[in-house]
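Engineer: Got a predicted structure here, sequence first:
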Amino acid sequence: MSYLVAGFSALLSSLCYAEFSANMPLSGGAYSYVNAVFGEYLAWLTVTNLILEYILANAAVIRSFSGYFALLINQPPERLVIPYGNYNLDFFAFGWVLLLTMLLILGTKESARFNLVVTIVHVVLVVFIIIAGLVKSNPANTQPFAPYGARGVFNGAAIVFFSYIGFDAVATSAEEVKNPKRDLPLGILGALALVTICYILMSLALVLMVPLEALQTSGSFAAAFTYVGMDWAHYIVALGALLGIITGTLVGMYAVSRIIAAVARQHLLPPFLAKIHRRFGTPWITTLLQGVATAIIALFTDFAELINLVSISTLFAFWIVALGLLWKRYYKQNNSKAVRSNLILAVQMLLLVASCIAFTACYWISLDLWVGMVVTAAVFVAVVLSMFITHRKGQLPGSYAVPLFPFIPALSVGLNTFLLGALPQDAYVRFGIWTAAVTGVYVLYSALAANRHSKMPGAHLPTLEPVAKPGSIGSHSSTEMATWNNGPLLDQPSTSGGYTTAAQNMGPVDGFKPGPALKGAR
């Protein structure tokens, strides 16, 4: 049930992502979308949380490798980690991250081929696990159903939500897709549908095989097959888990390197991070640095210590992207009635967010506050209906558009807010500390650097570099390049020895102008 709730919330968010990615095919993903709608600072908060989320999630996932590998060779899960003081050092995780980092530096095509082969084998093993688990199922094991009640289901959904971050990784590949207007919505929605089905079926198979009191927190599927007398199947489970860990970490590391490069080309981070390798066509400096950071975290930190901070960053990013889509569609420019309409929209969005927060607070404080929940839910419905009546569908994009607008993005805001309320207090403490730290970096460096470069002579030179070879950074079809009227979107070496970016001369997109940070610099 938790995966079903989390999957539904992720579906709503993925629809918002699909519209943005089809109409703004930029490698920054959520950063580029929020930047174009809300401006530089909120985009900076979003992207720094995404960067933290990806690095921690990658470290958390790869940290599981040694445990499953130990099961594969008939050893206890903790056998391959080395106790050292208060830490359990995992050199398997450390080594694998460095190996995947080198693979990503070598090129997108090379890593994509490796990922495709591993994924095919992994999917076959997942199908086996689901079928074998359902064959050995016992419906009596589902009792008691939802033993921790509705709150337990929602708590679980908030914790496992990070599992759905994969479609954000798809969005970050926009500049390496030949036809992003068609392929990105298909990739985002198709990937989400497939993984949601797999998550639900695997969870169902597990709870049908083993009663609640016999479930194991470590190596649960391997222990479940042993419980039903299929001890040999734990080898298949371990192999499938290892392949999933490798592909999941590879895709996550690929995504975060593209996000950091997109931010660096706006000079919010040092621009050398956006440098593209002349031979391999990849942002090699960014890939190397984030790989080393992930490896060090994975060496020292356990999965459980990382998971809450990952989920809060994911939910925050999806929450603000949904809000951004509402503003993007309804914001009016160059219109005599624009000021009044935009003011009404701002008030409606503030009421929308306030009603979501109030409902969430009432629910998680006490179920006795049902009057407050009813009132705030009524306010939420009234605000969304007023948006629909006042603005209708707004400015329709030229490509994919979210259906049932504005109900889907509004519901995404509401559900993400609700799941954020399920996270523990320490997750918010860490989130607050991280937000304060990156705000300090923004004030003391990023804003100053981006503003300085935007005022430099020649900062807005057009990009005239040839289109990169297919499969490398910046490759688009000729139609896409003509449509966007720019060269490769990731920074490429210029003839003068500096770096240029196509984002610097990007015009209005679907009726709105890019925020300040999308005006890149040389």
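Structural biologist: Good, I have the coordinates.
Engineer: Tyr54: neighbouring residues, count only.
Structural biologist: Look at Tyr54: counted by other Cβ atoms under 10 Å, it has 29 neighbours. Placement of C-beta: from N, CA and C, glycine included.
Engineer: Could you list the low-confidence segments of the chain?
Structural biologist: 27, 108, 110, 175-176, 218, 303-306, 308, 335-336, 393, 457-522 (pLDDT under 70).
Engineer: Tell me which stretches of the stretch 151-300 of the chain form helices.
Structural biologist: Shown for the stretch 151-300 of the chain, the helices assigned by DSSP state H, counting those that start in this stretch span residues 166-171, 180-209, 220-227, 233-264, 284-300.
Engineer: gap between the last one and the chain center?
Structural biologist: The gap between where helix 284-300 is centred and where its chain is centred comes out at 18 Å by Cα atoms, centre = their mean, to the nearest Å.
Engineer: Out of the helices of the stretch 151-300 of the chain, which gets nearest to Gln143?
Structural biologist: helix 180-209 (10.3 Å; Cβ to Cβ).
Engineer: tell me which residues of the closest one are tucked away?
Structural biologist: 180-181, 183-185, 187-189, 191-192, 195-196, 198-209 (16 or more other Cβ atoms under 10 Å).
Engineer: list the helices and strands the helix or strand containing Lys109 packs on?
Structural biologist: Under the criterion of DSSP states H and E, Lys109 resides in helix 108-135. Counting contacts by 3 or more Cβ pairs under 8 Å, 6 or more residues apart in numbering; DSSP states H and E, helix 108-135 is packed against helix 91-106, helix 180-209, helix 220-227, helix 233-264.
Engineer: how big is the angle separating the shortest one from helix 108-135?
Structural biologist: What it means is helix 220-227. 30 degrees (axes from the mean of the first three to the mean of the last three Cα atoms, to 10 degrees).
Engineer: For helix 220-227, give me every contacting residue.
Structural biologist: The contact list for helix 220-227 (Cβ atoms under 8 Å, 6 or more residues apart in numbering) reads 68, 71, 129, 132-133, 136, 202, 206, 209-210, 214-216, 231, 233-234, 237-238, 241.
Engineer: Among these, the buried ones, what's the PyMOL command?
Structural biologist: A single PyMOL command selects the buried members of the contacts of helix 220-227 (16+ other Cβ under 10 Å):
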select buried, resi 68+71+129+132+133+136+202+206+209+210+233+234+237+238+241
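Engineer: Now do the buried residues in stretch 284-302.
Structural biologist: By neighbour count on 16+ other Cβ under 10 Å, the buried set for stretch 284-302 is 284-288, 290-291, 293-295, 297-301.
Engineer: same deal with stretch 210-223?
Structural biologist: For stretch 210-223, a neighbour-count test (16+ other Cβ under 10 Å) marks 210, 219, 221-223 as buried.
Engineer: One more: stretch 149-165?
Structural biologist: 153-165.
Engineer: OK, contacts around Val177?
Structural biologist: When contacts are counted by Cβ under 8 Å, 6+ apart, Val177 touches 25, 183-184, 187, 476.
Engineer: Adding distance to Ala361, write these out as a markdown table.
Structural biologist: Shown next, in a markdown table, are these (distance: Cβ to Cβ, whole Å):
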| residue | distance to Ala361 |
| --- | --- |
| Pro25 | 38 |
| Asp183 | 41 |
| Leu184 | 36 |
| Gly187 | 37 |
| His476 | 46 |
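Engineer: The closest residue to Lys136 other than its chain neighbours: what's it in contact with?
Structural biologist: Leaving aside its sequence neighbours, Lys136 sits nearest to Val228 (Cβ to Cβ, 6 or more residues apart in numbering; 4.2 Å). Neighbour list for Val228: 136, 209-210 [criterion: Cβ under 8 Å, 6+ apart].
Engineer: tally of neighbours for Ala255?
Structural biologist: Neighbours of Ala255 (other Cβ under 10 Å): 25.
Engineer: Now do stretch 164-184: distance to the chain's middle.
Structural biologist: In terms of Cα atoms, centre = their mean, the centre of stretch 164-184 is set 12 Å apart from its chain centre.
Engineer: which one of the buried residues of stretch 210-223 sits closest to Ser341?
Structural biologist: Closest to Ser341, out of all of these and judged by Cβ to Cβ, is Phe221, at 53.8 Å.
Engineer: Tell me how far the closest one lies from Asp302.
Structural biologist: 20 Å (Cβ to Cβ, to the nearest Å).
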